[in-house]
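Undergrad: Structure of the sequence below:
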Amino acid sequence: MKKPELVFGIHAVTSLFEHSPERVLEMWLLNGRQDERIRPLLALADAIGIKPQMAARKTLDEKAESTQHQGIVVRVRSAKILTENDLEALLDKTDTPFLLILDGVTDPHNLGACLRNADAAGVHGVIVPKDNSAGLTASVSKVACGAAETVPLFQVTNLARTMKQLQERGVWIVGTAGEADSTLYQANLCGSLAIAMGAEEKGLRRLSREGCDTLISIPMAGSVSSLNVSVATGICLFEAVRQRQA
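TA: Residues are numbered from 1 along each chain as shown. Predicted coordinates:
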C-alpha cells in the first residue's frame, strides 16, 4: 500500500477538495492565516469534516520540503494510477479525443506546467511512459495549480505500443521534432488527435518518433534552438484549439 502524500498551495489544495475530497486525510494551516483567500478553502474542508491544525511556518516548510506552500499543506491518500485499461475506457466514451503524449518529461515542474496547459486547452488526457516520466508528486500538483486533479494522467508500460493502439482507434498522432520539414501551422490538428512532445534536450525517443503519423516543428526566428517543453506544449495545444474551434 502506498504511503500518504502531501499536497500544498491554495490552488492545488482547493482543486483537491473540489474534485477528490475523499483523498484528504489531514490539513495544516499557518498560524494566524484567516484572510479572504483561505476562507473558501476552509469552508470546503469543514464541509467534509476536516479540521485544520495550526502550525508554524517552519513546520510547514519542513512538511512540504518547500517554502512555496502559501500557508496550507494537506496529507492525502495516493491518487489512483491510471493505466492502459483506463485509457481504453476514456476512448470508448469520447467521440473526438484530444490527447497529449509526453515522452521522457522527468522534471516535476515541467510535468506540472504541461498538465496546466492541457487543462486550459481542454485535453481529455495526458499519456506518459511508466518508467520514463515524473509522477504526480506534491511539486507537480503545486505547479499544475489544480490541473493534476482535473486532467487524467495515464501511465503506460510501453509507450510505442500504446501509440499504435491509439492509431488503431483512429487517433492521428502528431509528433514534434526540430528537424521536421512541416511546421505546426501547416499541420491539420482537427479530429481525433494526440500531440506527442519529447523532453527538452533529447526530444522524442526513436520508437516514439517512428510511431507518429507525422512530424512537425515550431518555427523559430531567433538564435535559441529550442523551447522549454511546457512552453512548446502550450504553443502546440493552443494551435490545435484554434483550428478545432474555427
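Undergrad: from here on, contacts and neighbour counts on C-alpha atoms
TA: Will do.
Undergrad: Distance check, Leu115 against Thr150.
TA: Per Cα to Cα, to the nearest Å, Leu115 is found 9 Å from Thr150.
Undergrad: More neighbours: the two, which one.
TA: Legend: neighbour count by other Cα atoms under 10 Å for Leu115 and Thr150, higher for Leu115 (32 against 18).
Undergrad: ok, now how distant is the more buried one from Gly198?
TA: From Leu115 across to Gly198, the span is 15 Å (Cα to Cα).
Undergrad: do the same with Phe238
TA: 17 Å.
Undergrad: Could you check which of the two is surrounded by more residues?
TA: When neighbours are counted by other Cα under 10 Å, Gly198 comes out ahead of the other of Phe238 and Gly198, with 22 against 16.
Undergrad: from memory the more buried one sits against Val229, does it?
TA: Yes. Counting by Cα atoms under 8 Å, Val229 is a contact partner of Gly198 at 7.4 Å.
Undergrad: where along the protein do the strands fall?
TA: Remark: strands assigned in the chain by DSSP state E are 5-8, 24-30, 53-55, 72-76, 98-103, 125-129, 153-156, 172-176, 182-183, 193-198, 214-217.
Undergrad: got JSON lines for the ones you listed, with distance to Asp61 and mean pLDDT too?
TA: Below are those laid out as JSON lines (distance: least, Cα to Cα, whole Å; pLDDT from 0 to 100):
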{"stretch": "strand 5-8", "distance to Asp61": "10", "mean pLDDT": "88"}
{"stretch": "strand 24-30", "distance to Asp61": "10", "mean pLDDT": "94"}
{"stretch": "strand 53-55", "distance to Asp61": "10", "mean pLDDT": "94"}
{"stretch": "strand 72-76", "distance to Asp61": "9", "mean pLDDT": "93"}
{"stretch": "strand 98-103", "distance to Asp61": "31", "mean pLDDT": "98"}
{"stretch": "strand 125-129", "distance to Asp61": "30", "mean pLDDT": "96"}
{"stretch": "strand 153-156", "distance to Asp61": "28", "mean pLDDT": "95"}
{"stretch": "strand 172-176", "distance to Asp61": "39", "mean pLDDT": "97"}
{"stretch": "strand 182-183", "distance to Asp61": "45", "mean pLDDT": "94"}
{"stretch": "strand 193-198", "distance to Asp61": "33", "mean pLDDT": "97"}
{"stretch": "strand 214-217", "distance to Asp61": "41", "mean pLDDT": "96"}
